[in-house]
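Peer 1: Below is the sequence, then the predicted model.
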Amino acid sequence: MRTIFPILFQWFVLLSTLCLAGLIFRSMILSFTKPSPGGVASGTGGAGSEDGAGGNGRGVEGADAVGGTGGDSAGSGKYDRPPFYTVRQPVFWHIILLAALSRVILYGVGFLSSRFIINFNAGFFESLTQLWQRSDAMHFVKIAENWYVNTGEDRVFLVFLPFFPMLIRLLSYVFGSAVFSGIFLSLTTYFAACVLFYEIALLIGQDEDTAYHAVKYAVFFPASFFVNGAFSEGLFLLLTALFFHCLLRKKWAAAGCCGLLASFTRYYGLVLAIPYAIELLQYIMHIYQQSKTAKSDKSNKPSQQRQSPAGRPPAGMTALTASAILWRSAPILLIPAGTGIYLLINYAVSGNFFQFLIYQRDHWNQRFAFFFNNMHTLAHNVVSYDRATSASLFIPQIICIVLFIALMFYGVATKFRVSFMAYLGVYYLLSISAYWMLSFPRYIFGAVPLFSLMSSLGNKSRAADALVTLACSAGLIFLTIAYTCGFHVY
């Protein structure tokens, strides 16, 4: 068993990953070569527009096209939400209440379990700083208090990106405590992100029940307990959700700015360039197809040129100029700029643009490596470490990887939005390429489209929804107890 299990697991991950890569790449090619008419997007409908309506598909079940996207222009589907719509107040407060109540419950679970398991004797408020300030949370607070240094043990904190501790530092002038500032920032950004998860689901054509499921799964996701401490997860989720919200509305410049801040918060922000590029290319192809159709109609019926309800020619009758394409493409360069600023900080602090890689390797034994070997090491650790460490650290990662792969196959089978699937695929590949696998559930928690994909599965039936909710809730409670009681959870 100790020999066979690691081999079986690494080959399972390798073959399934290669299969997924081929299927997602095929879907991308089809989305560019056969854009759907009228701007209806793959799987879950098109996005709305700046000055018109985008496709509003029926959801995963009703998709019959692979790939186009709604544009700045009018689409063929009905999209009855105004630009920059806001969630109705009852729904908004319901989402906030669900997210906030779940955090309070987790604080209570951590406090009570620590009293029974490790005999924690301090009060509830003391538990916020003693039980929840573990691992990276302590490092973020130290950066906020002292900034980066080039001497002493704290020099290795250069591996953490600066935007989250910078905001903690600003808030500490209000709260007087970097720890409580970090917790407040983590929670409030997470609450705002939950509202955006709902809106993103609606923007891709999911109905309100399905959109609410997306929020529910984000709340009960096993790694969501990290937002209860001073971790950067909440901020990264908000910035990533803002990026996708702007991208689906075809607000290219705003999406680029959100991508910049996301890549200034976590390395995974760089992956946002992929959905940006896909959505842009699909948009260009859609406009090109509309232009060809309009020219054909005009040549056949020159005296009956159509007009939009506002008296303007439909946007599909005007081809994009080179300058217009350039204007929409330029903001993608903002996305890596956030990480570029971080590299400049590395140089200013240590004299080396890539000093963080040295600290990652020497202090944390962390680097990029071929995931085939990483999966063998992860599976081997399950059977070689003590039971407590295996149960809290390695087995949850194995389970999350297997379930994520299954969910991705479901997304491919149901023709889920191509840009979302490509983003999730690259995000997943980066997550399993870490040489020392410690935090896959936490890593994948930052992949915002994951919640919309989960909601499309959970909305299939009440049984599916109950199963997904129960599995996520059980994982969340287990990891919360393990984390607050000092077991190995990262």
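Peer 2: That came in fine, so what should we check first?
Peer 1: hey, let's count contacts and neighbours off CA atoms from now on
Peer 2: Fine.
Peer 1: Low-confidence regions, the chain specifically.
Peer 2: Low-confidence segments of the chain, defined by pLDDT under 70, are located at 1-2, 34-87, 294-295, 297-320.
Peer 1: 90 instead?
Peer 2: 1-3, 28-92, 120-130, 133-135, 284-326, 364-369, 436, 458-462 (pLDDT under 90).
Peer 1: unless I'm mixing things up, residue 349 is touching residue 148, no?
Peer 2: Yes: at 7.0 Å, residue 349 and residue 148 qualify as touching, with contact defined as Cα atoms under 8 Å.
Peer 1: Comparing the two, which residue is more hemmed in?
Peer 2: Remark: of residue 349 and residue 148, residue 148 carries more neighbours, 22 against 18, as counted by other Cα atoms under 10 Å.
Peer 1: quick one: that one from residue 182, how far?
Peer 2: 17 Å (Cα to Cα, to the nearest Å).
Peer 1: Then residue 112?
Peer 2: 23 Å.
Peer 1: So if I had to pick from those two, which one is more boxed in?
Peer 2: Higher neighbour count among residue 112 and residue 182: residue 182, with 30 against 16, using other Cα under 10 Å.
Peer 1: Contacts for whichever strand or helix holds residue 359, please.
Peer 2: Assigned by DSSP states H and E, residue 359 belongs to helix 355-364. For helix 355-364, contacts defined as Cα atoms under 8 Å, 6 or more residues apart in numbering pick out 156, 158-159, 346-347, 366-367.
Peer 1: What's the first helix or strand after that helix?
Peer 2: According to DSSP H and E, the helix or strand after helix 355-364 is helix 371-384.
Peer 1: Quick check: buried residues in that next one?
Peer 2: 371-383 (16 or more other Cα atoms under 10 Å).
Peer 1: would CSV of those with distance to residue 27 be doable?
Peer 2: What follows is these, written out as CSV (distance: Cα to Cα, whole Å):
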residue, distance to residue 27
371, 24
372, 25
373, 28
374, 28
375, 27
376, 30
377, 32
378, 31
379, 31
380, 35
381, 36
382, 35
383, 38
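Peer 1: Among these, find me the one that's closest to residue 118.
Peer 2: Distance ranking of the buried residues of helix 371-384 against residue 118, using Cα to Cα, places residue 382 first at 24.1 Å.
Peer 1: excluding its backbone neighbours, what's nearest that closest one?
Peer 2: residue 390 (5.1 Å; Cα to Cα, 6 or more residues apart in numbering).
Peer 1: Distance check, residue 418 against residue 464.
Peer 2: On the measure of Cα to Cα, residue 418 and residue 464 end up 23 Å apart.
Peer 1: between these two, who's got more neighbours?
Peer 2: residue 418 (31 against 14).
Peer 1: so what's the nearest residue to residue 240 once chain neighbours are set aside up against?
Peer 2: Of all residues not flanking residue 240 in the chain, residue 262 sits nearest, at 6.3 Å (Cα to Cα, 6+ apart). If you count contacts by Cα under 8 Å, 6+ apart, residue 262 has them with 236, 239-240, 268-270, 335, 338.
Peer 1: Next step: the residues you listed restricted to helices.
Peer 2: 236, 239-240, 335, 338 (DSSP state H).
Peer 1: Closest one of those to residue 436?
Peer 2: Among those, and counting by Cα to Cα, the member closest to residue 436 is residue 236, at 22.4 Å.
Peer 1: and the gap between that closest one and residue 260?
Peer 2: For residue 236, the distance to residue 260 - Cα to Cα - is 11 Å.
Peer 1: hmm, back to that, ok, so of the contacts of residue 262, who is nearest residue 433?
Peer 2: For the contacts of residue 262, the nearest to residue 433 is residue 268 (12.6 Å; Cα to Cα).
Peer 1: for the closest one, what are its contacts?
Peer 2: Contacts of residue 268 (Cα under 8 Å, 6+ apart): 262, 427.
Peer 1: residue contacts, residue 225?
Peer 2: Counted by Cα under 8 Å, 6+ apart, residue 225 has contacts 103, 106, 476, 479-480.
Peer 1: Ok, residue 25 next?
Peer 2: residue 422 are the contacts of residue 25 under Cα under 8 Å, 6+ apart.
Peer 1: in what helix or strand does it lie?
Peer 2: Judged by DSSP H and E, residue 25 forms part of helix 4-33.
Peer 1: and the angle from that helix to helix 371-384?
Peer 2: Counting by axes from the mean of the first three to the mean of the last three Cα atoms, to 10 degrees, helix 4-33 lies at 150 degrees to helix 371-384.
Peer 1: what comes up buried for helix 4-33?
Peer 2: Buried-residue list, helix 4-33, by 16+ other Cα under 10 Å: 6-7, 9-10, 13, 16-17, 20-21, 24, 27-28, 30-32.
Peer 1: before we move on, what about stretch 469-482?
Peer 2: Applying 16+ other Cα under 10 Å to stretch 469-482 flags 469, 472-473, 475-482 as buried.
Peer 1: Out of these, the closest to residue 422 would be?
Peer 2: After measuring these against residue 422 - Cα to Cα - the closest member comes out as residue 472, at 23.8 Å.
Peer 1: residues making contact with whichever strand or helix holds that closest one?
Peer 2: Using DSSP H and E, residue 472 sits within helix 462-484. Outside helix 462-484, the residues within contact range by Cα under 8 Å, 6+ apart are 106, 109-111, 113-114, 131-132, 216-217, 220-225, 392, 457-459, 488-489.
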